[in-house]
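**Q** dropping the sequence and predicted coords here.
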Protein chains: 2
Amino acid sequence: MQRIRNMGLRLTPQRIAILEYLDGNVNHPSAEEIYNAVAKKYPTISFATVYNTLETLKRKKGILELTIDPRRRRYDPNTEPHHHIICVQCRKVADVHADFDLRLPESNVEGFKVLSKQVEFYGICPECDNQN
Amino acid sequence: MQRIRNMGLRLTPQRIAILEYLDGNVNHPSAEEIYNAVAKKYPTISFATVYNTLETLKRKKGILELTIDPRRRRYDPNTEPHHHIICVQCRKVADVHADFDLRLPESNVEGFKVLSKQVEFYGICPECDNQN
DNA sequence: TTATTAAGTTAGAATTAATCAAAATTAATA
DNA sequence: TATTAATTTTGATTAATTCTAACTTAATAA
């Protein structure tokens, strides 16, 4: 938790609550889910604070912002390189641990400076599959 | 263009205009960009029609809906398997043609039925890089 | 300790993307 | 040419995110 201080950020109860909720959380929650969870213990927290904190943590490389759900952003406290699969029905996101070789072929780079890369799988999760 | 009929869809001027705009378009436009482009020739078109048509085409596998820009959905008339890179500054999306081996390791599948997969690169495009 | 202040939080309004509902229109066909 | 189911339209609605400006507070230095 001291980690926040080391990022040059002030240690506020809101940030602690958000970090505690995210820590070890493998559900790739949305801002709303984070808000709901934190609001239970800290009813005065606002969406602005949640978004502010998530943006700050993202900039400090403390979390990942996932662009895998077309409806809303998802957040991932696991900043180690890994990939994801999303259920197109219930939108559950699961981790995919695999070491893909994702080097761009020279001819392909188009002059882009690559900052990050990841593989997204879209599919149907077992639970949703059962219902069909 | 007869392609639309073959999908079991009615051939309307709006759909023709949307398809014409998308055909060969390599810019991965958003719904708004499509609307703006089509509205020039067809000023009465509505956003609902654009979204309806895009949704229909997506279901018929005539286009891809890209979840690579956290702000808005992007559409790609190229349904051949390929990947993308987005500039995190100007949000330009470019194609990445490479044949990655993206098979999930058995241990990893978690019971998901995989429908599609793709690699997303995030980076800075040459134009934006020049400005810094 | 306490005062200072820059950083952070808050409520609520605003913006933006996307969806929806219902009435009006029209492409396809018989 | 009439019929009708598919499509389009308008405008309202919802949902996610951002913004603003006033208020509060964690960190620090006196």
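**A** Received, thanks.

**Q** quick one: residue A:5 and residue A:11 touch, right?
**A** Yes. Here residue A:5 lies in contact with residue A:11, judged by CB atoms under 8 Å, at a distance of 5.7 Å. For glycine as for every other residue, the C-beta is placed from the backbone atoms N, C-alpha and C.

**Q** other SSEs contacting the helix or strand encompassing residue A:39?
**A** The secondary structure element spanning residue A:39 is helix A:31-41 (assigned by DSSP states H and E). When contacts are defined as 3 or more CB pairs under 8 Å, 6 or more residues apart in numbering or on different chains; DSSP states H and E, helix A:31-41 packs onto helix A:13-22, helix A:47-59.

**Q** so that helix, near DNA strand C or not?
**A** No. Contact check for helix A:31-41 against DNA strand C, using CB under 7 Å from any atom of the strand: none in range, with a minimum separation of 8.8 Å.

**Q** that helix: which residues count as buried?
**A** Taking 16 or more other CB atoms under 10 Å in any protein chain shown as the basis for neighbour counts, the residues of helix A:31-41 that come out buried are A:31, A:33, A:34, A:35, A:37, A:38.

**Q** next one: stretch A:89-102
**A** Residues of stretch A:89-102 classed as buried by neighbour count (16+ other CB under 10 Å): A:91, A:92, A:93, A:94, A:95, A:96, A:100, A:102.

**Q** possible to save these as CSV with distance to residue A:43 and pLDDT?
**A** Rendered in CSV, the data for the buried residues of stretch A:89-102 read as follows (distance: CB to CB, whole Å; pLDDT from 0 to 100):
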residue, distance to residue A:43, pLDDT
A:91, 27, 96
A:92, 28, 96
A:93, 28, 97
A:94, 31, 96
A:95, 31, 95
A:96, 36, 94
A:100, 43, 95
A:102, 44, 94
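
**Q** chain B next: which of these are close?
**A** For chain B, the contacts drawn from the buried residues of stretch A:89-102 by CB under 8 Å from any CB of the partner chain are A:94, A:96, A:100, A:102.

**Q** so where is chain A shaky, pLDDT-wise?
**A** Applying pLDDT under 70 to chain A picks out residues A:1, A:106-109, A:132.

**Q** what parts of chain A come near DNA strand D?
**A** Contacts of chain A with DNA strand D, taken as CB under 7 Å from any atom of the strand, map to A:5, A:10-13, A:30-32, A:47-48, A:51, A:55, A:71-73.

**Q** who wins for neighbours among the residues you listed?
**A** If you count neighbours using other CB atoms under 10 Å in any protein chain shown, the busiest of the residues of chain A next to DNA strand D is residue A:30, which has 19 neighbours.

**Q** give the contact list for that residue.
**A** Neighbour list for residue A:30: A:69, A:72, A:73, A:74, A:75 [criterion: CB atoms under 8 Å, 6 or more residues apart in numbering or on different chains].
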